[in-house]
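S.K.: make a model of this:
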Amino acid sequence: MSRSEEAAPPKRPRTLPSVISPPAVVAAADGVDPVASSPQQPQQLYEGPALERRTFDSWDEFDHFMEEYGRRTFQLFRKRTSTSVKLRNRRLADRVVKVRDKQVATASVEPAEERVCLIPERYVNYSVTLVCTHSGAFVSRGTGKRSRQDVRATRCDVQVNACLKLADPRRSRYQIHVTRALLTHNHRVDEETFLQYSNTRLNLPDALLGCVELMRKTGMKPRDIRAYIVANSSCAPTLKDVQNILHRLRGQEETAAATAATNTEQIQQLGDYQPRIMSFPRADPPQNSTAASTMRDEVLVREYR
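M.R.: Below you'll find the model as predicted:
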């Protein structure tokens, strides 16, 4: 054996790669995301109290009950869709006409008479759908530079459906029936959350709103107006809410003033235009219609004045 072979270090045996891969690699190879496979916490649900009433004599009674029910149970609803009685009657009549035309075209059997039960239009709406204020999905319209922390839309599935049903066929009287009421929320339902809604904070009575308008005209500060609202009502508006109220009242006043100015200008134009109308030469009326012509001229002058 040579000296070079004696000085060389011994070679290490070759090791084969392990057959068992790490758990993350195996999960990725199987097509399962390791993050998604980890157990997630179940979403907490909040069940609202059941409706005490499901039948109403008018839509105003239904709206009043739902408003009082939402305020008592700390739920806020909004109207998503509604179908008018006029639209429902027209759709039903069109469907009957199409069926009758189809039967006449086939000529296989005699067209059967189908009775159409039309609802009186005094009921205005045929059906109404109410949803939670947190329903729907949030659609971001920003560029992503500043993320939004608080979003109202949480895909809440709470929904209340109501429609008209015939109660007295002889008198053609209908009642509003609640046909569906899903009251399971996916967000908090408590007094603290309810008082954060702007609809709750700014639900001012008409008398109090008139006092706010009077204080605005006298030049009181928004901070003092807010203190007056908190002391004389159950509302708790923020200073920004009060500023928005004052801005809206100021805009309504300016709109009313502009409308009044436009009406005054139109009346003045009619007054300036009146002498030119009356200065046109008129033909002598017939002898048998002198009284009628005089009365007509007086009415014309009175209208332009």
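S.K.: helices of the chain, residue ranges please.
M.R.: 3-7, 23-29, 34-37, 59-73, 85-106, 191-194, 198-201, 206-218, 222-232, 239-278, 290-304 (DSSP state H).
S.K.: what separates the nearest residue to residue 193 once chain neighbours are set aside from residue 152, distance-wise?
M.R.: Nearest non-adjacent residue to residue 193, counting by Cβ to Cβ, 6 or more residues apart in numbering: residue 74, 7.0 Å away. All C-beta atoms are positioned from the backbone trio N, CA, C, and that covers glycine. Distance, residue 74 to residue 152, using Cβ to Cβ, to the nearest Å: 15 Å.
S.K.: so those two - more neighbours on which side?
M.R.: Each of residue 74 and residue 152 has its neighbours counted (other Cβ atoms under 10 Å); residue 74 has more, 18 against 14.
S.K.: so the more buried one sits right up against residue 188, yeah?
M.R.: No - using Cβ atoms under 8 Å, residue 74 makes no contact with residue 188, being 9.2 Å away.
S.K.: got any ranges where the stretch 1-150 of the chain has weak pLDDT?
M.R.: Where the stretch 1-150 of the chain drops to pLDDT under 70, the residues are 1-42, 107-115, 147-150.
S.K.: 50 - rerun?
M.R.: 4, 13-38 (pLDDT under 50).
S.K.: one step back: who wins for proximity to residue 48 among the helices of the chain?
M.R.: With Cβ to Cβ, the closest approach to residue 48 among those belongs to helix 59-73: 5.7 Å.
S.K.: quick check: chain neighbours aside, which residue is closest to residue 89?
M.R.: In space, residue 89 is closest to residue 118, 4.9 Å off (Cβ to Cβ, 6+ apart).
S.K.: these two touch, right, that neighbour and residue 96?
M.R.: No - Residue 118 is beyond contact range of residue 96, at 10.7 Å (criterion: Cβ under 8 Å).
S.K.: my read: residue 181 touches residue 51, true?
M.R.: Yes - between residue 181 and residue 51 there is a contact at 5.5 Å, judged by Cβ under 8 Å.
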